Structure formats: structure tokens, C-alpha cells
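Asker: My questions are about this predicted structure, shown below with the sequence.
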Amino acid sequence: MTLVQLEYIIAVDTYRSFVAAAEHCFVTQPTLSMQIQKLEESIGAKVFDRSRQPVVPTEIGEKIIKQARVILNESKKIGELLQESKGEVSGELKIGVIPTVAPYLLPDLLTKFLKTYPKLQLQIWEYTTERIVQELKLGKLDCGILSTPLQESGVEEMPLYYETFVAYVSEKSALYQKKMVTTDEIADEKLWLLNEGHCMRGQVLNLCHYKHNQGGASTFEYNTGSVETLKRMVDINGGLTILPEMSILNYDEDQLGHVRYFKSPEPVREISIVTTTNFVKKQAVRALKNEILELVPERFKTKKKKEVMAFEL
């Protein structure tokens, strides 16, 4: 049994195809198949059921692949130890970021981070929370930046900051005349929401105990994954939406005129770096955490007098 053979069975399990796995591992498909066959012969068990399409692991194959992921992860820690002894942060870091965080955190973060750690290559994807957790467990991502707590087994959460939710209110709304708003007042308003699959949608619904009470009166339902689109819908069509505070930090005076904070306790979301429990690239992830903490406002770093909004995956 070799580490290469373990890498190959993990790739087939991930992509559910011998051809796609071979492409990912930069080998020919016959080479990959031969090595997996040798592994199966050496352990006396079939790892994959080749009669089904897409290819799936056998019952014992699932257990073998799970252990193979642990073994490969542990083997990679040798390189991490060597880097640490040299004081280097280098290699590759694959990050998943939820779309309601990425546009407001990444531009400033990346500029500074890449200058500070020029030997580290970043690969970043915008995914939903569910997709990030899935990709972490498959080993396709090293870490995620997303909203927590997840209450998900096999992952580790490192809280970074607590971001306040604010209401963005149309001039036509009765709430526009108020300096601050309450969650009860929001429930009676026309509320523009992100579509299903975004954790912030669940947080907003929990925030105001909101029941979709405009279904009968509305002639359409608008689905979007963009916070900026929600803001534009309020500007043009009235009502209100809920925004994360990072999204308003660069607003001009006119735009800030539409923003209303909530009365205490302020509703917030907890933003964390999430990894698997046995993750490898500890130095790079630690560097990422430190750079984010330097970037966010000080008031984001405490949850005193704040209420963290929950959500379900």
C-alpha cells in the first residue's frame, strides 16, 4: 500500500469517475486503474463497485477511503513541520468564502495578505455554506470563511468577528422616520430576502420571526444571491432589506440615510474560519486569521450586548 494509491482512491471517491480522477491526478486512466487494482489485491477487498455509474465505493470501501483521507492528511503534516521550522508561510491555500462576506472582506484583505506572504498561493471560491462544508470534508478546500455556529460534526470553528445586521429602508417606509428599529417592526414590512441556500436568509428570518406575509399580495417572487441587488430593489420598489454592516462601510451620506440600526441587543452574525478537525495548513490559516483581525473594525471583535443569529444548513 502506498500514499499514491490512497490518493487515487480518494480522487475516484471525490469525482465518482476513473477518467475525472486520473485527470485530477495528472496520470492516465489505465495507470490510475492499475494502481487501485494493486491496492485492492494487496488488501483482499474491492474498494469500488465498478458495475454502477457513477462509480461508488463498496461498504468496506467507504471505511477504507475514510481512513485513507486521515492518513494522507497526517502525511502532509511533515511538510507543515518543515515549513514551521524555517518560519515560512508558503505553498497553496484553498479557501471557500460565502457570497455575503467575500465582496466586503476580500478586496482589502488580499492586497495586504499577498504582499505579506508572497510565497503563499491563494485559490478562492465563492460558495454557499453547505457547499463549503462539503468541499472541506472532501479535502477540496483547506478552510472556509463563513457564518457560524454550524453545529456540524468533523469541523472546527475559529470565530473572527461579530458583524451587526442593519436595516436598509426605503423612503416610502414608515420606518424611514425612525432613528432605530426593532425586530417586531420589521415583521410588518415588505422584506426583500436572499434566496434559499444562503445562511443569511435563515438568520434574517430568525431575526424578525418573519412569516412570509406578502405572498398573496405580490405578483412575483424575486430570487437573488446578491446583497447589492436587494439594496437596489428597496431603492426602486420600496420596502426594506437586511444588510451585513461590512457592506455599508463605504456608503456615502445619502446611502447611510437609509440605514437603521437595531435597538439593543443588536442582532449579529458570527464570522469564523472553519476547517476540518484534522486540518494540515495551520501556519497559513493562522496567518489568514491574523490578517483578517487586523482589517476588521475593533467593535466587531466583541459580542457584548449582541445577539448571534442562528440558522440551519
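Answerer: Ah, there it is.
Asker: For the closest residue to Glu74 other than its chain neighbours, give me its contacts.
Answerer: Spatially, and ignoring its direct neighbours in sequence, Glu74 is nearest to Asn278 (7.4 Å; CB to CB, 6 or more residues apart in numbering). C-beta coordinates here come from the backbone N, C-alpha and C atoms, glycine included. Counting by CB atoms under 8 Å, 6 or more residues apart in numbering, Asn278 makes contact with Val70, Asn73, Glu74.
Asker: tell me the SS of the first one?
Answerer: By that I understand Val70. helix (DSSP: H, G, I helix; E, B strand; the rest coil).
Asker: how about the strands in the stretch 101-250 of the chain?
Answerer: For the stretch 101-250 of the chain, the strands defined by DSSP state E, counting those that start in this stretch cover 120-126, 143-148, 155-169, 180-181, 191-192, 240-244.
Asker: Format those as TSV; extra columns: mean pLDDT.
Answerer: TSV is the format used below for the strands of the stretch 101-250 of the chain (pLDDT from 0 to 100):
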stretch	mean pLDDT
strand 120-126	94
strand 143-148	95
strand 155-169	94
strand 180-181	92
strand 191-192	86
strand 240-244	92
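Asker: Redo the ones you listed as JSON lines? Include distance to Ile65 and mean neighbour count.
Answerer: JSON lines is the format used below for the strands of the stretch 101-250 of the chain (distance: least, CB to CB, whole Å; neighbours: other CB atoms under 10 Å):
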{"stretch": "strand 120-126", "distance to Ile65": "23", "mean neighbour count": "15"}
{"stretch": "strand 143-148", "distance to Ile65": "22", "mean neighbour count": "25"}
{"stretch": "strand 155-169", "distance to Ile65": "19", "mean neighbour count": "20"}
{"stretch": "strand 180-181", "distance to Ile65": "51", "mean neighbour count": "16"}
{"stretch": "strand 191-192", "distance to Ile65": "43", "mean neighbour count": "22"}
{"stretch": "strand 240-244", "distance to Ile65": "38", "mean neighbour count": "24"}
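Asker: So for Thr224, which of these sits nearest?
Answerer: strand 191-192 (8.4 Å; CB to CB).
Asker: what's the neighbour count on the closest residue to Gln29 other than its chain neighbours?
Answerer: Closest residue in space to Gln29, ignoring its immediate chain neighbours: Ala22 at 4.2 Å, by CB to CB, 6+ apart. Counted with other CB atoms under 10 Å, residues neighbouring Ala22 total 20.
Asker: can you check Leu288 too?
Answerer: Counted with other CB under 10 Å, residues neighbouring Leu288 total 25.
Asker: List the contacts of Leu141.
Answerer: So Leu141 contacts Lys94, Ile95, Gly96, Trp125, Ile132, Glu135 (CB under 8 Å, 6+ apart).
Asker: Any idea what the first one is bridged to?
Answerer: Going back to what we said before, that points to Lys94. Gln123 (DSSP bridges).
Asker: and it, what does it touch?
Answerer: Gln123, Ile124, Trp125, Lys140, Leu141, Asp142, Cys143.
Asker: if we go to 6 Å?
Answerer: Contacts for Lys94 were tallied using CB atoms under 6 Å, 6 or more residues apart in numbering; they are Gln123, Leu141, Asp142.
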